[in-house]
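# Structure of the sequence below:
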Amino acid sequence: MPLTALRPTFEIHLPLERDEVDRRIRLILKQDFWKPISSSFERYTELHVPKDEVRYWSPNLSLLVDHDSGSGTRIYARFAPRQDVWTFVWVIYMALTFTAFFAMIYVYAVSLMKQSTWMSVVPILAIAGIALLHIASRIGQRLSSDQMVTLRDHCDQLLEQVREMSDDTNAKRID
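The predicted structure is shown next:
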């Protein structure tokens, strides 16, 4: 798993059926340890940093349970910023991208009329803003790398518990 990716991703394969993996995850996440640091929806689970440790760039780890091409289950895992941070970053990316694009069109149209405009600096500033936002994202990711390691450890712990559940009797004991 390269931690240098903007949203590091990895896959885990389990020799169990998808529905069984999903059922086991749901049962395990009902335990007191998991309740404050997880949320689960149909075939989708998120592992969170505890609320008292959340920083602006704190990540979440999402797990999507899916069929494997062979037999068994493939779990797609992806680190990402919290939804509010991720949305904010992408709104800024899109605003800067649209600004750069339309400013370039305007500057090009003005240059075809053999005129000049102060707007020619806007695309450069917008592209510089995109680069700065990207650099800030990388710095934030590095600052939260300890939390990414913790979330990965929680993921490994969760999946180890999924593997250890052998049958319905073990599942019933967890409740």
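# show me where the protein has helices.
Assigned by DSSP state H, the helices in the chain fall at 18-28, 83-112, 122-143, 145-164, 168-174.
# how close does the residue most central in space within the chain sit to residue 146?
By C-alpha atoms, centre = their mean, the chain has its centre lying nearest to residue 80, at 2.2 Å. In this view, residue 80 and residue 146 are 17 Å apart by C-beta to C-beta, to the nearest Å. For glycine as for every other residue, the C-beta is placed from the backbone atoms N, C-alpha and C.
# Then residue 69?
Distance of residue 69 to residue 146, computed by C-beta to C-beta: 34 Å.
# Those two: which has the busier surroundings?
Under the criterion of other C-beta atoms under 10 Å, the comparison of residue 69 against residue 146 puts residue 146 first, with 11 against 8.
# what's the domain layout of this protein?
Under the assignment automatic domain parsing, the domains of the chain span 9-81+146-174, 87-135.
# Determine which of these shows the lowest mean per-residue pLDDT.
Ranked by mean pLDDT, the domains of the chain bottom out at domain 9-81+146-174, with a mean of 87.
# Just confirm residue 140 contacts residue 79, I think it does.
No: judged on C-beta atoms under 8 Å, residue 140 makes no contact with residue 79 at a distance of 11.9 Å.
# More neighbours: these two, which one.
Counted by other C-beta under 10 Å, residue 140 and residue 79 do not tie: residue 79 has more neighbours, with 25 against 17.
# thinking again about what came up before, hey, what's the residue nearest to the centre of the chain bridged with?
Taking DSSP bridges as the rule, residue 80 bridges to residue 60.
# wait, what's in contact with it?
7, 59, 60, 62, 86 (C-beta atoms under 8 Å, 6 or more residues apart in numbering).
# So the last one versus residue 140, what's the distance?
Taking C-beta to C-beta as the measure, residue 86 falls 11 Å from residue 140.
# same check, this time on the fourth one
According to C-beta to C-beta, residue 62 stands 18 Å off from residue 140.
# For residue 49, find the nearest of the helices of the chain.
Distance to residue 49, taken as C-beta to C-beta, is lowest for helix 145-164 among those, at 5.1 Å.
# chain center to that closest one, what's the gap?
Between the centre of helix 145-164 and the centre of its chain there are 15 Å (C-alpha atoms, centre = their mean, to the nearest Å).
# for residue 115, phi and psi?
Torsion angles at residue 115 (phi, psi; degrees, to the nearest 10) stand at phi -120, psi 170.
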